[in-house]
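Novice: okay, here's the prediction I keep looking at, along with the sequence it came from:
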Amino acid sequence: MFMRTFTVVLTLIVLGVASSCKKNETSYFPSVAFEQRVYLSNPSSFDLSVPGGWIYTDGGYKGLIIYRRYLNGGQDDFIALDRGCPTHYSESCATLKTTSDDLFAKCDCNNEKYLLFDGAPSEGASLGMRQYQVIRNGDVLYISN
């Protein structure tokens, strides 16, 4: 009886581990070396002066969305997200656009949505958006891969 219980438990553990080990599809997302500077004092960056503000800018694979999360003066105030749709990045429809409520980025390929706050998958999405390093030095954001 002990051996049968042990075998069942071991099988369940192995199946649980195996089912949780999914291939990380974001590893296929193209890695593009770049460095970008965003000057917060520039009028084109005005929307980044308040939490929830965002701008499009160059850099990354299909461009960047820079999003202002907080207003505490730290590096974590901002997040830089690639505009390439995580699951359809090579298709012509795969450039993410922000929604009218300024809360999500949406992929036109299949209407997947992602939270701008952290790039997490939302409606219909299973993978998160590609994030890049943001370093804030005064009124300048340095963004790179």
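Specialist: Thanks, I have it.
Novice: residues near residue 134, how many?
Specialist: Residues near residue 134, counting by other CB atoms under 10 Å, number 20. To be clear about C-beta, it is placed using only N, CA and C from the backbone, and glycine gets the same treatment.
Novice: how about it, secondary structure?
Specialist: strand (DSSP: H, G, I helix; E, B strand; the rest coil).
Novice: residue contacts, it?
Specialist: 66, 75, 78-80, 141-143 (CB atoms under 8 Å, 6 or more residues apart in numbering).
Novice: swap the cut-off to 7 Å and go again
Specialist: Residues near residue 134 by CB atoms under 7 Å, 6 or more residues apart in numbering: 75, 78-80, 141, 143.
Novice: next: residue 61.
Specialist: So residue 61 contacts 30, 32, 82, 84, 89 (CB under 7 Å, 6+ apart).
Novice: could you list the low-confidence segments of this protein?
Specialist: 1-27 (pLDDT under 70).
Novice: point to the residue nearest the middle of it.
Specialist: residue 129 (2.6 Å; CA atoms, centre = their mean).
Novice: just give the number of residues close to the closest residue in space to that residue that isn't next to it in sequence.
Specialist: The shortest distance from residue 129 to any non-neighbouring residue, by CB to CB, 6 or more residues apart in numbering, is to residue 119 (3.4 Å). Residue 119 is flanked by 22 other residues according to other CB under 10 Å.
Novice: repeat for residue 80
Specialist: 25.
Novice: counting contacts, what elements does the host helix or strand of it pack onto?
Specialist: Taking DSSP states H and E as the definition, one finds residue 80 inside strand 78-82. Applying 3 or more CB pairs under 7 Å, 6 or more residues apart in numbering; DSSP states H and E, one finds that strand 78-82 makes contact with strand 64-68, strand 131-137.
Novice: JSON lines for those, including distance to residue 38?
Specialist: Output for the helices and strands packed on strand 78-82, formatted as JSON lines (distance: least, CB to CB, whole Å):
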{"stretch": "strand 64-68", "distance to residue 38": "6"}
{"stretch": "strand 131-137", "distance to residue 38": "9"}
